[in-house]
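Engineer: coords please:
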Amino acid sequence: MRATLMTLCLIAAPAMAQDRLTAEEFDAYTRGHTFFYGSMGTPYGAEEYKDNRRVRWSFLDGRCLEGEWYEHAGLICFVYDLEPDPQCWSFRQGGSGLVAQFANDPTLTELYEVERSAEPLSCMGPDTGV
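Structural biologist: Model prediction:
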């Protein structure tokens, strides 16, 4: 039983890696769009993908982080101006759009594309309010 399980894992790992989008595929699919992501049936956040691998992220709270992405070891990694530690994800095409798995902690739930828009991400300026 253990040998069968190990064999299945060894077969599945390369297949999962082959499903990953390459940096070129990811860029072609995302550039010029804003994606809204969900997790377990709830809104999670949104990211606007700009030219030159620049991005703008929001947890949908009106605040945005500017950053950029790059490919590293088959993963898409993001760094943001105020959060310089890389956040690396594997992306693949699911039945209804992108599916992302956080590589820094694979036990976390996958994110999935809820909506894709050509509109820019709406962000409040810093320290807005009365």
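Engineer: make it CA atoms for all contacts and neighbour counts henceforth
Structural biologist: Noted.
Engineer: following the lowest-mean-pLDDT helix or strand in the chain, which helix or strand comes up?
Structural biologist: The helix or strand of the chain with the poorest confidence is helix 2-19; it has a mean of 42 (mean pLDDT, DSSP states H and E). For helix 2-19, the following helix or strand on the C-terminal side (DSSP states H and E) is helix 23-30.
Engineer: Regarding this protein, what is its longest strand?
Structural biologist: Secondary structure of the chain per DSSP state E: the longest strand is strand 83-94.
Engineer: ok now it, how far from the chain's centre?
Structural biologist: With CA atoms, centre = their mean, to the nearest Å as the basis, strand 83-94 stands 5 Å off its chain's centre.
Engineer: Which neighbouring elements make contact with that strand?
Structural biologist: Judged by 3 or more CA pairs under 8 Å, 6 or more residues apart in numbering; DSSP states H and E, strand 83-94 is in contact with strand 75-80, strand 97-102.
Engineer: Could you tell me the angle between that strand and helix 23-30?
Structural biologist: Orientation note: strand 83-94 sits at an angle of 80 degrees relative to helix 23-30 (axes from the mean of the first three to the mean of the last three CA atoms, to 10 degrees).
Engineer: Enumerate the positions of strand 83-94 that are buried.
Structural biologist: For strand 83-94, the buried set under the neighbour-count rule, 16 or more other CA atoms under 10 Å, comprises 87-93.
Engineer: Could I get those residues in JSON lines, plus columns for pLDDT and distance to Met40?
Structural biologist: Output for the buried residues of strand 83-94, formatted as JSON lines (pLDDT from 0 to 100; distance: CA to CA, whole Å):
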{"residue": "Gln87", "pLDDT": "94", "distance to Met40": "20"}
{"residue": "Cys88", "pLDDT": "96", "distance to Met40": "20"}
{"residue": "Trp89", "pLDDT": "96", "distance to Met40": "17"}
{"residue": "Ser90", "pLDDT": "96", "distance to Met40": "18"}
{"residue": "Phe91", "pLDDT": "97", "distance to Met40": "17"}
{"residue": "Arg92", "pLDDT": "97", "distance to Met40": "17"}
{"residue": "Gln93", "pLDDT": "96", "distance to Met40": "18"}
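Engineer: If anything else comes up later, I'll come back, but that's it for now.
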